[in-house]
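>>> When you get a sec, could you give me coordinates for this:
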Amino acid sequence: KSGFKTINVGKGSNGPLLELAAIKEIAEPLQPKVVLWMYYINDLRDLTREMKSPFLIQYLNEENFKQNLISRQDEIDSVLINYLGEKWEKWDREKKINHWSIRILKLTNIRTRINLQPIPKVIFKDIMKKAKQIVQGWEGKIYFIYLPSYNEILTNEEDINREFVLYTTAEMGIPIIDIYSEVFAANTDPMSFFPFRHEGHY
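A predicted model of the protein is given here:
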């Protein structure tokens, strides 16, 4: 409506490695003038999971690795329809209960909150460096957008990885749009950006 030609390839649970894949698969063929890289506090945890995939890591380690997904939409649709059909039949209540019981036994949420899970900071830096290199290859510009969490706004305390993420990105010369500073800190009622003033998406 504003007259900008835009494409959004965001998806729930995407971490930095999948975002790099999106740049290679979608952005590189289209060569947009501007790429907006959104960062949220769980992205480094997502990266920990993504690194366990030998397939995904190829996007970082292999210069020319690409699946040409942008030209294979019919094939992708067919695969997804079959995959989701099979998953839907198996995805019953018992499986959900097992999933959450495993998380409780592993103390996943507690480990995350007190930062016991190892954060792949070196890999994050490599990914951002690669992303910038690819975008600059078609003379585009990449911007890093920091999205603060509900807890950061509620407690007025920085996320444990905020300084590292912003410093690493700035060190590589990637322009930063800090939504915490630009929007939340500048507003007299920052909690109003959250649904019913509770945790969730802005």
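>>> drop to CA atoms for contacts and neighbour counts, all remaining ones
Fine.
>>> Which of the three states applies to Val9?
coil (DSSP: H, G, I helix; E, B strand; the rest coil).
>>> OK, contacts around the residue lying closest to Ile76 once chain neighbours are set aside?
Spatial nearest neighbour of Ile76, chain neighbours left out: Leu69 (7.9 Å); criterion: Cα to Cα, 6 or more residues apart in numbering. Taking Cα atoms under 8 Å, 6 or more residues apart in numbering, we find Leu69 in contact with Glu25, Ile26, Ile76.
>>> ok, and the helix or strand in this protein with the lowest average confidence?
Ranked by mean pLDDT, DSSP states H and E, the weakest helix or strand in the chain is helix 108-113, scoring a mean of 52.
>>> Where does pLDDT dip in this structure?
Within the chain, the segments meeting pLDDT under 70 span 92-119.
>>> Now do the strands for it: every range, in order, please.
Secondary structure of the chain (DSSP state E): strands at 34-39, 141-146, 176-178.
>>> how about the ones you listed in CSV, adding distance to Ile127 and mean neighbour count?
Formatted as CSV, the strands of the chain follow (distance: least, Cα to Cα, whole Å; neighbours: other Cα atoms under 10 Å):
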stretch, distance to Ile127, mean neighbour count
strand 34-39, 12, 16
strand 141-146, 13, 19
strand 176-178, 16, 17
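>>> so which of the ones you listed comes closest to Asn82?
Asn82 lies closest, by Cα to Cα, to one member of the strands of the chain: strand 34-39, at 30.7 Å.
>>> Neighbouring strands of the closest one in the sheet, and parallel or not?
strand 141-146 (parallel) (DSSP bridges).
>>> which residues sit against the partner strand?
Identification of contacts with strand 141-146 by Cα under 8 Å, 6+ apart yields 33-40, 132, 135, 169, 174-180.
>>> could you pull out the helices for this structure?
Ranges of helices within the chain are 16-22, 28-30, 43-50, 58-61, 73-90, 93-105, 108-113, 121-137, 150-155, 162-171, 179, based on DSSP state H.
>>> how about the ones you listed in CSV, adding distance to Ala185?
Output for the helices of the chain, formatted as CSV (distance: least, Cα to Cα, whole Å):
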stretch, distance to Ala185
helix 16-22, 26
helix 28-30, 35
helix 43-50, 22
helix 58-61, 35
helix 73-90, 42
helix 93-105, 34
helix 108-113, 23
helix 121-137, 26
helix 150-155, 8
helix 162-171, 15
helix 179, 9
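>>> Can you say which of those helices is packed in most?
helix 16-22 (a mean of 22; mean count of other Cα atoms under 10 Å).
>>> quick revisit: would you turn the strands of the chain into CSV with distance to Phe164?
Below are those laid out as CSV (distance: least, Cα to Cα, whole Å):
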stretch, distance to Phe164
strand 34-39, 13
strand 141-146, 12
strand 176-178, 13
